[in-house]
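# only geometry, no sequence info:
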């Protein structure tokens, strides 16, 4: 006799039944009301997880400190009394007030970024890269229904490590990802008669990056805690582009609760790439913290108490480090069943960019063939094109 697996609701008691219907419904009602729920959802699922500019500093848990062995329930929130919920909200408010929102500073000017992008687009177009990315759009059924492209985590384009240096260092993967997006949106806009908006959010964009990209037609979204504009922008007529940071940012588990984008360029989970792999285990979506000498259940995956290494290679006993593992929920698996992989790995050829710019030594380069030289470089990992069935 077959056993029917019990579905686990990762939202648990974080939302009332009426709020869940508004969040998950295909006819959700007023956008402003739903957006508030999306922001709350994204804040919870990225709480103490996002690795960039708006993660709470670990010392914010002086009052709400996690122990060595965290008590966790692996899938969803348990029932919480009103008194417990009030205490949990107190902890969340305290930790939220300590969120780091300081922006990064690349040390690169707007004019330098404009010149890098101008030259790169010329090389890109001359080498026929636009045609390659036209193929991606052509592989999307109902591509004419796309009215916006939302990009998350395309990374910086360039940075100046030495303030006295005349030449900034280009992040070739970040540059190639921006060029790929520009190629796709240009082709899509020629294909359709309606307006196609282009949005981007990255926690490493500083003001020069934002200004340079806005000149190219990007609208920069505020991805900070409590804003989450990149998530509220996504709906069923969106093409999502996340490339290589997706799993570690909880992107798909969040989106799976309220939207089904037409297409996604997204890092595939291992089990989708290698059929011998099994689905990842469901991720914890709540944890218990000690706050004012009382144990409180709060939303958000637990912080793994891994010690950061020091310059001597030994662990620093006072510093906690997050554990970067793929975030996977029941809703994520259900969503992926509604998509198929239409295209496999993307190789973004940065060979001629490598010949022109000083490149970041730790960026993701790899030769396509063993006999190619180090000067022939490619950026790309496990990104796949997912299209809605």
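Here it is on my side, so go on. Since this is a predicted model, take the numbers as computed values, not measurements.
# need the strands for the stretch 201-350 of the chain, in chain order.
For the stretch 201-350 of the chain, applying DSSP state E, counting those that start in this stretch gives strands covering 219-220, 238-243, 263-267, 286-291, 294-299, 306-309, 315-321, 339-343, 348-349.
# any idea how far residue 108 lies from residue 181?
Applying CB to CB, to the nearest Å, the value for residue 108 to residue 181 is 19 Å. For glycine as for every other residue, the C-beta is placed from the backbone atoms N, C-alpha and C.
# who's residue 286 bridged to?
Residue 286 has these beta-bridge partners by DSSP bridges: residue 299.
# so how many other residues sit close to it?
26 (other CB atoms under 10 Å).
# Look up how far residue 252 lies from it.
Counting by CB to CB, the gap from residue 286 to residue 252 is 19 Å.
# so where's this protein shaky on pLDDT?
Where the chain drops to pLDDT under 70, the residues are 1-7, 27-28, 47-81, 99-104, 244-249, 276, 300-325, 345-381.
# so residue 22 sits right up against residue 35, yeah?
No. With contact defined as CB atoms under 8 Å, residue 22 does not count as touching residue 35 (10.5 Å).
# separation between the nearest residue to residue 44 once chain neighbours are set aside and residue 17?
Nearest residue to residue 44, sequence neighbours excluded (CB to CB, 6 or more residues apart in numbering): residue 299, at 4.0 Å. The spacing between residue 299 and residue 17, counted by CB to CB, is 17 Å.
# Ok, residue 147 next?
Counting by CB to CB, the gap from residue 147 to residue 17 is 31 Å.
# okay, these two: which has more neighbours?
Between residue 147 and residue 17, residue 147 has the larger neighbour count (other CB under 10 Å), namely 16 against 7.
# Domain-wise, how is this protein divided?
Here the domain parsing of the chain from automatic domain parsing is 46-102+284-323, 110-276+331-388.
# In contact with residue 228, which residues?
Counting by CB atoms under 8 Å, 6 or more residues apart in numbering, residue 228 makes contact with 38-39, 42-43.
# In the chain, which helix is the longest?
Longest helix in the chain, counting residues (DSSP state H): helix 172-191.
# between it and strand 238-243, how big is the angle?
With axes from the mean of the first three to the mean of the last three CA atoms, to 10 degrees defining the directions, helix 172-191 sits at 160 degrees from strand 238-243.
# So which other helices or strands are in contact with helix 172-191?
Judged by 3 or more CB pairs under 8 Å, 6 or more residues apart in numbering; DSSP states H and E, the packing partners of helix 172-191 are helix 110-126, helix 129-138, strand 148-152, strand 197-201, strand 238-243, strand 348-349, helix 351-356, strand 378-379.
# can you rerun that using 7 Å?
Other helices and strands packing on helix 172-191, by 3 or more CB pairs under 7 Å, 6 or more residues apart in numbering; DSSP states H and E, are helix 110-126, helix 129-138, strand 148-152, helix 351-356, strand 378-379.
# Could you point out the helix or strand that follows the last one?
In this case it means strand 378-379. Next along the chain after strand 378-379, taking DSSP states H and E as the criterion, comes strand 383-388.
# Quickly run through the sheet partners of that next one, with directions.
Here strand 383-388 is paired, per DSSP bridges, with strand 263-267 (antiparallel), strand 339-343 (antiparallel).
# Looking at the contacts of residue 228, state which has the most neighbours.
Using other CB under 10 Å as the neighbour test, these are led by residue 42, with 26 neighbours.
# Give me the contact list for the host helix or strand of that one.
Applying DSSP H and E as the criterion places residue 42 in helix 31-45. Here helix 31-45 makes contact (CB atoms under 7 Å, 6 or more residues apart in numbering) with 14-15, 19, 22-23, 28, 225-226, 228, 231-232, 250, 253-254, 257-258, 285, 299-300.
# wait, doesn't residue 108 sit right on residue 211?
No. At 11.2 Å, residue 108 does not count as touching residue 211 under the criterion of CB atoms under 7 Å.
# Compare those two and say which is more crowded by neighbours.
residue 108 (21 against 15).
# helix/strand/coil for the more buried one?
Secondary structure, DSSP: H, G, I helix; E, B strand; the rest coil: residue 108 is coil.
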